[in-house]
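A.B. asks: Here is a sequence with its predicted model. Questions after.
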Amino acid sequence: MRGLFFRMKRTVAHLARFRHIMAVLVKYGFEELAGIMARRFKVGLGSKGLPSTRREELAQSSLARRVRLAMEELGPTFIKLGQLLSTRPDLVPPEFIEELEHLQDQVKPEKYETIREEVRQQLGDYPEALFAYIDPVPIAAASIAQVHRARTKEGREAVLKIRRPGIVKVIRTELEMLEDLAALLKTRMKNARGFDPQRMVREFAQAVEKEVDLSRERRNLQRFGKNFADDPTVHVPEVFEAYCSEGILTMEFIDGIKPSWVERLENEGYDLKALARRGADFVLTQVFDHGFFHTDPHPGNFLVMQENVLAPLDFGQVGRLSRQDRQLLQTIVLSIVHGDASKMLGGLERAELIDDRTDMVELSRDLEDLLDSYSSLPLKEIPFGEAIGRGFDIMREHHIEPPRDFTLMLKCLMTIESFATGLDPEFQIIEHLKPYARRFSFEQIKPSAVFRQLSRAAQGAGDLAGRFPEDAGAIISKFRRGQFKIHVHHEHLEELEQTLGNSSNRIAFAVIIAALLIASSMLVPQEGTVLGLITLEALGILGYLTAAVMGIWLLVSILRSRRF
């Protein structure tokens, strides 16, 4: 019966959650999608439509805003998904990015008794036995964790980031449902270019799995601490490892001011221009020098300390860049600076990002139009964020899919530009980027760098030559044994398999119905009983009724699928 029943764990929680999702979709005007879900998942929709007044309200809201409001009402997992989508301008149009960036991950905090028990399970004892003091009232609460002030027995001021009890199980359950929803969307979005909902959900699942593991965030924090140990303009909070676990992260408390409190910073004598430069340097150093970066450097993830020192916070999500990624960024920056579209096109080709469907002539023309619009501007007046945003539009149009972390890095640069201009309206990140890109170029042609590249190439060639006889022998041996196989992947084969499965199920039902009708027709005229309990005539009539019910069910199924 494969393909006839929905292939998911049909728990009561799943069904109740699906009904809630469908109700929210209807509420925000996505009735068609809710109806598709109801038919696909065999879950009652419950609501037949919206009042006319509600329809008028929805007509005044944009599609992007309705998506954002629906995600907020659907809760933490969907909010996290929306926040992830807001970092993917290569996949999501600008109007949706703008709305999804407004998603707020603020939820009601857990009761302190529950948090107290979680600390005992994670660290082996209750917080009052481990710390000299802990504030039972959290200073922040989000969907995955909440934060409490504390003081260690050594007298150090600290903050505890404590994972919500049971949140891992809740998220994994909702991820299962999201995977099924994504599979449904994919079948309904066959012509949607450059957007694969199943791939997005897989990326989201990986990102959330990392975020709920606070030991991973601890390691990220320690790595940033080492990377910026010699930088006096950046202070990375110290980790108190004795009080850490997979579900708890304890770090140094930072007494500082949020960068968004511009008026307070001015009144207290901070240098806003210096803070803008230091914020940009903090990100660009990560990108070009470390290849390891904080993916969301918005003002809420920093505090400003004395002497204009920046303290970054929240290291749950980080990105990694290969040397090839950094070379591509360097090419893009210098192409914008020099207005050289052919250089940018060459960089995309070297990075193997050009799709078979891409029209190279049209792509070249669009890149030239993009760069020509800024060619008459002085370098300091080139709006980097706008140029990158238009670049993402071109990528979507021409089927260019950069690596996920490369996209996150570009979004990170756009975010830090906004951070810096909020402090210094005259700040131009393109001027700040230029020396980093050029320095990276010079490092590539240093004798030591060239020698390393040649050494790696020679070593790779030597390894290939050494393995060639063995690999060739293995291939020939498989040919001789008839074990040589070629695997071919056919696009949309799963959809064909599902269609054939549904068809075979319907044919099987039709055969069973026909058999029941024939058998019943033969039984009705007969006399006698079965085991002395039921007459053959009654058994035949029962067969007719069963065939009628199955026939009606099959007809309704065909009509609801709208495939004849």
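C.D. replies: Yep, that arrived. Everything quoted here is computed from the prediction, not taken from an experiment.

A.B. asks: what does the average pLDDT come to for stretch 527-546?
C.D. replies: In this model, stretch 527-546 has a mean pLDDT of 76.

A.B. asks: Helix or strand: which one has the residue positioned nearest the centre of the chain?
C.D. replies: For the chain, residue 204 is the residue whose C-alpha lies nearest the centre (CA atoms, centre = their mean; 3.3 Å). When secondary structure is defined by DSSP states H and E, residue 204 falls within helix 197-212.

A.B. asks: ok, now residue 511?
C.D. replies: Assigned by DSSP H and E, residue 511 falls in helix 493-523.

A.B. asks: quick one on the thing from earlier: and the residue nearest to the centre of the chain, how far from residue 401?
C.D. replies: 17 Å (CB to CB, to the nearest Å). The way it works is simple: take the backbone N, C-alpha and C, and place the C-beta from them, glycine included.

A.B. asks: Please apply the same query to residue 219.
C.D. replies: 29 Å.

A.B. asks: Where does pLDDT dip in the stretch 351-500 of the chain?
C.D. replies: For the stretch 351-500 of the chain, applying pLDDT under 70 flags the ranges 379, 440-468, 470-474, 478-500.

A.B. asks: same deal with the stretch 151-300 of the chain?
C.D. replies: In the stretch 151-300 of the chain (pLDDT under 70), the answer is 188-195.

A.B. asks: now the helices for it?
C.D. replies: Per DSSP state H, counting those that start in this stretch, the stretch 151-300 of the chain carries helices over the ranges 167-188, 197-212, 214-227, 262-267, 272-284.

A.B. asks: buried residues in the third one?
C.D. replies: So the one you mean is helix 214-227. Across helix 214-227, burial judged by 16 or more other CB atoms under 10 Å covers 214, 216, 217, 218, 220, 221, 222, 224, 225, 227.

A.B. asks: Out of those, which is nearest to residue 107?
C.D. replies: Closest approach to residue 107 among the buried residues of helix 214-227 (CB to CB): residue 214, at 17.5 Å.

A.B. asks: where's that closest one relative to residue 39, distance?
C.D. replies: In terms of CB to CB, residue 214 sits 41 Å off from residue 39.

A.B. asks: show me the contacts for the residue lying closest to residue 165 once chain neighbours are set aside.
C.D. replies: Spatial nearest neighbour of residue 165, chain neighbours left out: residue 118 (4.9 Å); criterion: CB to CB, 6 or more residues apart in numbering. Contact analysis of residue 118 by CB atoms under 8 Å, 6 or more residues apart in numbering lists 162, 163, 164, 165, 247, 248.

A.B. asks: One more: residue 268?
C.D. replies: Taking CB under 8 Å, 6+ apart as the test, what residue 268 contacts is residue 257.

A.B. asks: quick one, phi/psi of residue 245?
C.D. replies: phi -160, psi -170 (degrees, to the nearest 10).

A.B. asks: could you list every residue that touches it?
C.D. replies: The neighbours of residue 245, taking CB under 8 Å, 6+ apart as the test, are 122, 123, 214, 215.

A.B. asks: Is the last one in contact with residue 246, as I believe?
C.D. replies: Yes. Shown here, residue 215 and residue 246 form a contact pair, counting by CB atoms under 8 Å, at 4.8 Å.

A.B. asks: list the buried ones in stretch 295-304?
C.D. replies: Within stretch 295-304, the residues that count as buried by 16+ other CB under 10 Å are 295, 296, 297, 298, 299, 301, 302, 303, 304.

A.B. asks: got it, and stretch 374-388?
C.D. replies: Using 16+ other CB under 10 Å as the test for burial, stretch 374-388 gives 374, 382, 384, 385, 387, 388.

A.B. asks: List the ones among those that fall in helices.
C.D. replies: Mapping the buried residues of stretch 374-388 onto helices (DSSP state H) picks out 374, 384, 385, 387, 388.

A.B. asks: Wait, the third one touches residue 417, no?
C.D. replies: Read that as residue 385. Yes. Residue 385 is within contact range of residue 417, at 5.0 Å (criterion: CB under 8 Å).

A.B. asks: intersection of neighbour lists for these two?
C.D. replies: Both residue 385 and residue 417 are in contact with residue 429, where contact means CB under 8 Å, 6+ apart.

A.B. asks: quick one: contacts for residue 155?
C.D. replies: residue 132.

A.B. asks: That one and residue 503: what is the separation?
C.D. replies: Counting by CB to CB, the gap from residue 155 to residue 503 is 73 Å.

A.B. asks: Might you report the residue contacts of residue 537?
C.D. replies: By CB under 8 Å, 6+ apart, residue 537 lies in contact with 523, 524, 525, 526, 527.

A.B. asks: Please read the previous query as pertaining to residue 294.
C.D. replies: Shown in contact with residue 294 (CB under 8 Å, 6+ apart): 224, 283, 286, 301, 312, 315, 317, 318, 412.

A.B. asks: just to revisit the earlier point, so the residue nearest to residue 165 lies in a helix, does it not?
C.D. replies: Yes. Residue 118: assigned to a helix according to DSSP: H, G, I helix; E, B strand; the rest coil.

A.B. asks: quick one: what helix or strand has residue 69 in it?
C.D. replies: Using DSSP H and E, the element containing residue 69 is helix 63-74.

A.B. asks: Compute the inter-axis angle for the helix or strand following that helix and helix 63-74.
C.D. replies: Counting by DSSP H and E, the next helix or strand C-terminal to helix 63-74 is helix 76-85. Orientation of helix 76-85 against helix 63-74 (axes from the mean of the first three to the mean of the last three CA atoms, to 10 degrees) gives an angle of 140 degrees.

A.B. asks: how about helix 76-85: buried residues?
C.D. replies: In helix 76-85, counting by 16+ other CB under 10 Å, buried: 76, 77, 78, 79, 80, 81, 82, 83, 84, 85.

A.B. asks: ok, now stretch 82-101?
C.D. replies: Those would be 82-92, 96-97, 99-100, for stretch 82-101 by 16+ other CB under 10 Å.
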